[in-house]
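Peer 1: quick check, what structure comes out for this input:
(one chain, ligands or ions: 1)
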Amino acid sequence: MTDTSPAARALLVAFDETQLAEMHAAASARMKRVRALHRQEYDACDWCSTNDRHVPYPCPTIRALDGEEPS
Ligand SMILES: [Zn+2]
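Peer 2: Sure thing, here's the model as predicted:
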């Protein structure tokens, strides 16, 4: 048995699967919107690149979404 405070325990008890599913859906929708901005255009990120700056795809934002730690 893990040692949790009464407040933490109450929070866990009140936390139901519907809330978890809603949080997951909201997070997925956010990530989808970010990916829609940072889309691949040839070999570059369309959002990060400008006329003066070429940012190869996947850009740091997409790599972070994919789980890579920022360097
Ligand atoms: Zn980008």
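
Peer 1: residue 34: what secondary structure?
Peer 2: Here residue 34 is recorded as helix under DSSP: H, G, I helix; E, B strand; the rest coil.

Peer 1: now the helices for the chain?
Peer 2: 6-14, 17-37, 60-65 (DSSP state H).

Peer 1: out of these, which comes closest to residue 54?
Peer 2: Closest to residue 54 of those, according to C-beta to C-beta: helix 60-65, at 13.6 Å. Any C-beta I mention is one placed from the backbone N, CA and C, and that applies to glycine too.

Peer 1: returning to what we had before: out of the helices of the chain, the one nearest the ion is which?
Peer 2: The ion lies closest, by C-beta to the ion, to one member of these: helix 60-65, at 4.6 Å.

Peer 1: how about the closest one as PDB, C-alpha atoms only?
Peer 2: In PDB, the C-alpha atoms belonging to helix 60-65 read as follows (Å, rounded to 0.1, in the frame of the first residue of the first chain):
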ATOM      1  CA  PRO A  60      12.200  20.400 -32.800                       C
ATOM      2  CA  THR A  61       8.500  20.800 -32.000                       C
ATOM      3  CA  ILE A  62       7.500  17.500 -33.800                       C
ATOM      4  CA  ARG A  63      10.500  15.700 -32.300                       C
ATOM      5  CA  ALA A  64       9.400  16.800 -28.800                       C
ATOM      6  CA  LEU A  65       5.900  15.600 -29.500                       C
END
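
Peer 1: that helix - contacts with which helices or strands?
Peer 2: Contact analysis of helix 60-65 by 3 or more C-beta pairs under 8 Å, 6 or more residues apart in numbering; DSSP states H and E lists helix 17-37 as its packing neighbours.
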